[in-house]
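any chance you could fold what I've pasted below:
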Amino acid sequence: MFHLIVGLLLGLVTAFAFLFAITYRTIDVRSTRDGGRQADVILVLGSAVWPDEQPSPSLRARMNRAIDLYRDGYAPYLILSGGLGRYPPEEAEVMRRLALEAGIPQEVLLLDKEAHSTWESIVKTEEILEEKGWGSVLIVSDPFHIYRALLMAQDAGLVAYGSPALDSPTYTVPARRAFYTSREVLALWWYLIQRLWTPV
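Numbering: from 1, shown residues only. Presented below is the predicted three-dimensional model:
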């Protein structure tokens, strides 16, 4: 009986490790690809605001990528999505300031200051696209985040593309890349489990 239990546990650990490795690789491989293409709007997903109203390096990297895409003509509008986190103000507000500092016109910025998760950002974006009569969105986030964000967008019925902020320290620093990608594996699994119980 003891050997049976040990064998079962070893089997479960092996299966977990195998699935984890496959999911990790799927996320990591997708994070290297820039699927940027013409869209009606660029959605910038929020990241942490640091003390004294400063953008975290991740948030700054996301905005830098979005600003480059806007300047290159990928889309005429930007949705800045992110609510209030540990430090004020809202992530969307900090992104707005970065955009204005870069010379982006105020009138092309649409702010979502309520979202506190990727899914909430996607839902709000779907509402904006429907209201504006737009049909497609180009999502900007950290590389590890793109796979799940695109999956959520597709589940919400959006025509979505992804453009990762490849200069974010969550990607350029190997230890951080491993940590955030590993954490993203669990986040993706949790989303898939939720989707099984409550289909979108």
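
show me what contacts residue 125?
By C-beta atoms under 8 Å, 6 or more residues apart in numbering, residue 125 lies in contact with 41, 43, 79, 81, 112, 137, 153, 158. C-beta here means a position set from N, CA and C on the backbone, and glycine is covered the same way.

how about a cut-off of 10 Å?
41, 43, 45, 79, 81, 110, 112, 115, 134, 137, 139, 153, 156, 158, 160 (C-beta atoms under 10 Å, 6 or more residues apart in numbering).

and the second one, which of the three is it?
Applying DSSP: H, G, I helix; E, B strand; the rest coil to residue 43 yields a three-state assignment of strand.

tell me how far it lies from residue 139.
5 Å (C-beta to C-beta, to the nearest Å).

pull up the overlap in contacts between these two.
Shared contacts of residue 43 and residue 139, counting by C-beta under 10 Å, 6+ apart, come down to 66, 79, 81, 121, 122, 125, 149, 153, 158, 160, 162.

which one of those sits closest to residue 185?
residue 149 (14.7 Å; C-beta to C-beta).

where is the longest helix in this protein?
If you go by DSSP state H, the chain has its longest helix at helix 2-31.

tell me the mean pLDDT over that one?
For helix 2-31, the mean pLDDT works out to 84.

what helices or strands is that helix leaning on?
With contacts taken as 3 or more C-beta pairs under 10 Å, 6 or more residues apart in numbering; DSSP states H and E, helix 2-31 sits against helix 146-155, strand 159-164, helix 169-172, helix 174-197.

tell me the most buried of these?
Among the helices and strands packed on helix 2-31, strand 159-164 has the highest mean neighbour count (mean count of other C-beta atoms under 10 Å), at a mean of 22.

give me the sheet partners of it and which way each runs.
Paired neighbours of strand 159-164 in the sheet (DSSP bridges): strand 136-141 (parallel).

buried residues, the partner strand. List them.
By 16 or more other C-beta atoms under 10 Å, the buried positions in strand 136-141 come out as 137, 138, 139, 140, 141.

tell me the bridge partners for the last one.
It stands for residue 141. Taking DSSP bridges as the rule, residue 141 bridges to residue 164.

for it, give its distance to residue 26.
16 Å.

circling back to that earlier point, could you tell me the angle between the longest helix of the chain and helix 146-155?
80 degrees (axes from the mean of the first three to the mean of the last three C-alpha atoms, to 10 degrees).

got the buried residues for helix 2-31?
23, 24, 27, 28, 30, 31.

would you turn those into JSON lines with distance to residue 177?
Shown next, in JSON lines, are the buried residues of helix 2-31 (distance: C-beta to C-beta, whole Å):
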{"residue": "23", "distance to residue 177": "15"}
{"residue": "24", "distance to residue 177": "11"}
{"residue": "27", "distance to residue 177": "11"}
{"residue": "28", "distance to residue 177": "8"}
{"residue": "30", "distance to residue 177": "13"}
{"residue": "31", "distance to residue 177": "8"}
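
closest to residue 37 among these?
For these, the nearest to residue 37 is residue 30 (15.6 Å; C-beta to C-beta).

thanks a lot, catch you later.
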